[in-house]
Each structure stands twice: as C-alpha cells, then as structure tokens.
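Visitor: Below are the sequence and a predicted model for it; my questions follow.
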Amino acid sequence: MLGSGPAPRYGHNAMSCASFSSPIACALVAAGGALGSLARYLVGEALAGLTGADGFPWALLTINTAGSLGMGLLFGWFYAHGGGTETQRLLLGVGLLGGFTTFSAFSLETLLLIERGASALAFGFIAASVIAGVAALYLGLMITGPSR
C-alpha cells in the first residue's frame with residue numbers, strides 16, 4: 001500500500017524547488033540543463049564507436065547508467081550532508097543530470113516508490129514508462145508518416 005513503508009531517505013519529492021522564486025529556479029535549471037545536454041552530446045560522440053555489429057546502443061546505455069550513478073551519488077551525498085541546498089538540487093539534479101539523461105530522474109522516482117514500500121507501484125511505473133514511451137514514439141512516427 002502506498003505510503004505504508006518507512007519514510008524515504010531522500011525526501012518525498014527529491015527534485016522539489018518550491019522555496020525558490022520562479023526566475024531563479026528557471027535560470028538554475030537552464031544553466032545545468034545546458035551543461036548536461038552538452039555533456040550528453042560529447043559523451044555520445046566519444047562513445048559513438050561503441051555500437052557493436054549487432055546494433056546494440058551501448059553509448060546510450062552508458063549515458064543512462066552514468067546519469068543514474070550520478071543521481072545516486074548526488075542524492076547519497078545530499079542525504080549524508082543534510083539534504084543539499086535548493087541551488088544544488090536545481091542546478092545539479094534537475095538541470096545537469098536532467099539534461100544529461102532523464103533516465104536518472106526516472107531511476108530516482110522508482111527508488112523513492114520502492115522506499116515508500118510501494119514496490120508493485122514502482123514496477124508498474126517501470127513497465128508503464130517503457131511501454132508508453134515506446135508506444136508514444138511509434139505513434140509520433142505514424143502521425144508524421146516518415147518513409148521506411
């Protein structure tokens with residue numbers, strides 16, 4: 001049952017920015033996002049040759065894994081040092097890691113569900129995210145009608 005487990009270690013909404021004014025929050029997220037997007041591009045370019053003969057997207061797997069590791073390190077550090085500041089959360093968590101890969105935020109939200117004792121909901125979230133994401137991409141392709 002949702003909420004029946006222990007309180008999550010990393011906060012109910014680890015990416016909250018409620019205490020910041022909107023222009024400052026937006027500037028922090030934009031700055032971090034620009035750096036994260038650039039890092040994603042550069043890492044992707046550096047790893048472009050990793051796609052094997054089978055076509056498996058190793059570079060993307062590496063980026064998603066690195067982003068999730070980064071989110072774990074960031075929020076582990078926040079937990080160990082009193083929660084981190086709003087500036088740190090917005091610039092590094094939402095902006096930098098969000099620009100690098102949204103998979104890191106997906107991983108954090110999944111962990112938060114598990115920590116709240118909602119494992120079934122977490123696995124439903126995983127399945128729904130993957131299925132809905134692939135289905136939405138397919139729908140977008142069908143709507144725009146690209147040639148095959």
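Guide: Received it, and whenever you're ready, just let me know what you need.

Visitor: residues contacting G95?
Guide: 28-36 (C-beta atoms under 8 Å, 6 or more residues apart in numbering). (Glycine included, C-beta is placed from N, CA and C.)

Visitor: Now list the buried members of those residues.
Guide: Among the contacts of G95, those scoring as buried are 28-29, 32-33, 35-36 (criterion: 16 or more other C-beta atoms under 10 Å).

Visitor: Distance-wise, check the residue nearest to L97 when sequence neighbours are not counted relative to M142.
Guide: Nearest residue to L97, sequence neighbours excluded (C-beta to C-beta, 6 or more residues apart in numbering): S104, at 4.6 Å. As for S104, its distance to M142 is 29 Å (criterion: C-beta to C-beta, to the nearest Å).

Visitor: These two: who's more crowded?
Guide: Neighbours were counted for S104 and for M142 using other C-beta atoms under 10 Å; S104 has more, 26 against 9.

Visitor: you'd agree the more buried one is up against V94?
Guide: No. Taking contacts as C-beta atoms under 8 Å, S104 lies outside contact range of V94: 10.2 Å.

Visitor: Please list the members of the contacts of G95 that lie in strands.
Guide: Among the contacts of G95, DSSP state E puts none in strands.

Visitor: between the residues you listed, which is nearest L90?
Guide: Nearest to L90 out of these is L28 (C-beta to C-beta; 4.0 Å).

Visitor: Going along the chain, name the helices of this protein.
Guide: Assigned by DSSP state H, the helices in the chain fall at 22-46, 58-80, 86-88, 98-100, 103-115, 119-144.
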